[in-house]
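S.K.: Sequence plus the predicted model coming up.
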Amino acid sequence: MNYSEAKEKLEKYGQQQLLRFYDELSEEEAQALLAEINKIDFSVLEGKEKDISTSVFTPLKALTAEEIEKRKDSFFEKGIEAIRQGKLACVLLAGGQGTRLGFDGPKGTLNVGVTKELYLFEMLINNAKEVAAKAGCAFPIYIMTSEKNNAATVRFFNEHNFFGYDKNMIHFFIQEMSPATDYDHKVYLEGKGHVSLSPNGNGGWYRSLRLNGLYDDIKAQGIEWFNVFGVDNGLQKVADPYFLGAVLESGDDLGAKVIKKAFPTEGLGVICYRDGKPSIVEYYDLTDEMLEAKDENGELAYNFGVILNYLFNIEALEKIAGENLPLHIVKKKIPHLDEAGNLIKPEEPNGYKYETLVLDMIEMMDNCLVYEVIREKEFAPIKNLHGVDSLDSARELYAKNNIEL
Ligand code: UTP
């Protein structure tokens, strides 16, 4: 792309400010900037946010922990057999920037140990190794990174010898980036020759897996299910055979692990039906009526929150591959150049990032097995350093689960 083509593209989207310092760039820097502009999909800034104003919500029942306990042997047999047959792959979402934690590195490289080293990635791989030992074989793990943290992540795994997992079974793929803007939706520059870009949210995993050329191999291996989960929950059960077996028995295309909310307004996405399709509604979108609604047993009807651990059937995903996910426009702190070219590192949010989220893939599917797990055993997310969902609270939960720190 040459200068006039770049200018034309930017004018179409009202983003000419990105060429503000063009004249000050060396030939090489100028070429790099033009290449960046060429690659960026500015149409993402015009994407639609989800509109739930006219939606009708109804409760969606969960398979409760109690029922699971009764049927667990049968679930285990089915799940472990499917893993043995190579039908399951994991997708570990590790492309986020962990801005709330303020840790300078990929979140999975966070040392959560106290008297010894123990990394989040290591905990997840240990969990995978437990299942692999029961199945008698390893299963593939696809790790989504971003352009910002891919090199550091791959280096970390190599330095730690993949924590003893079969390294041929671990694959990395890089998610797409989207531009970050000010509150007027004008894209920021993060350097005179660099557009401010950030990972496009965890909803991009399926598209990115395909764009990275890994999909043909996945199909050729006969993989039928993806277990998708986040990086920040060290108690996460990876490739949980009970969960897989339950979903297989249900005949559903999708499984979502959930926990009982601690209190009605807890900040978890709540699983329910929206206009007859399984869906996740953000806690702040729950109406008073939904917060108070009870089921026939007197329990809260909208009582289960998701923990970012899903099973997706591949064939069902293929049917929705061309559909667009709604956009989440989120206020964030975005380092950028001011008009004079000075780098500003804001203390408070100063603009928007544009993300799609895996939770919006739920309502693209026709059915979903809602699978209840026990919070204290499986949910210790690290979003912050201290307080709620923090390194401190996670360490307490690890200790309760007898994990040596
Ligand atoms: P979060 O929503 O907690 O985002 O991600 P984050 O980037 O880790 O943290 P904050 O919001 O900046 O503090 C939930 C999961 O989704 C992954 C994260 O790595 C985490 O496992 N994720 C998030 C991606 O893989 N890509 C993204 O673009 C965003």
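M.R.: Arrived safely. Residues are numbered from 1 along each chain as shown.
S.K.: Tally up the residues packed near the residue of the stretch 301-405 of the chain found nearest the ligand, please.
M.R.: As assessed by C-beta to the nearest ligand atom, the ligand sits closest to residue 383 within the stretch 301-405 of the chain, at 5.6 Å. Any C-beta I mention is one placed from the backbone N, CA and C, and that applies to glycine too. Residues contacting residue 383 under the criterion other C-beta atoms under 10 Å number 19.
S.K.: My guess is it contacts residue 100. True?
M.R.: Yes: counting by C-beta atoms under 8 Å, residue 383 sits close enough to residue 100 to count as a contact (5.1 Å).
S.K.: Show the contacting residues for the residue of the stretch 301-405 of the chain closest to the ligand.
M.R.: If a contact means C-beta atoms under 8 Å, 6 or more residues apart in numbering, then residue 383 has 100-101, 232, 389-390 as its contacts.
S.K.: So which of those sits lowest on pLDDT?
M.R.: Looking at pLDDT alone, these dip lowest at residue 100, where the score is 88.
S.K.: List the residues that contact that residue.
M.R.: Taking C-beta under 8 Å, 6+ apart, one finds 383-384 in contact with residue 100.
S.K.: That one: what secondary structure?
M.R.: Reduced to three states with DSSP: H, G, I helix; E, B strand; the rest coil, the structure at residue 100 is coil.
S.K.: In contact with the residue nearest to residue 115 when sequence neighbours are not counted: list those residues for me.
M.R.: Residue nearest to residue 115 in three dimensions, not counting chain neighbours: residue 405, with 6.6 Å by C-beta to C-beta, 6 or more residues apart in numbering. When contacts are counted by C-beta under 8 Å, 6+ apart, residue 405 is found next to 112-116, 118, 395, 398-399.
S.K.: cool, and residue 381?
M.R.: Taking C-beta under 8 Å, 6+ apart as the criterion, residue 381 is in contact with 230, 232-233, 307-308, 389, 394.
S.K.: and the longest strand for the chain?
M.R.: As assigned by DSSP state E, the longest strand anywhere in the chain is strand 304-313.
S.K.: how close does the residue in the chain positioned nearest to the ligand get to residue 356?
M.R.: The ligand sits closest to residue 96 of the chain, with a gap of 2.4 Å, by C-beta to the nearest ligand atom. Using C-beta to C-beta, to the nearest Å, one obtains 13 Å as the distance from residue 96 to residue 356.
S.K.: Tell me how this protein divides into domains.
M.R.: Following the assignment in automatic domain parsing, the chain carries domains at 1-39, 66-251+308-362+382-398.
S.K.: Compare these and give me the one nearest residue 276.
M.R.: When the domains of the chain are compared for distance to residue 276 using C-beta to C-beta, the nearest one is domain 66-251+308-362+382-398, at 13.2 Å.
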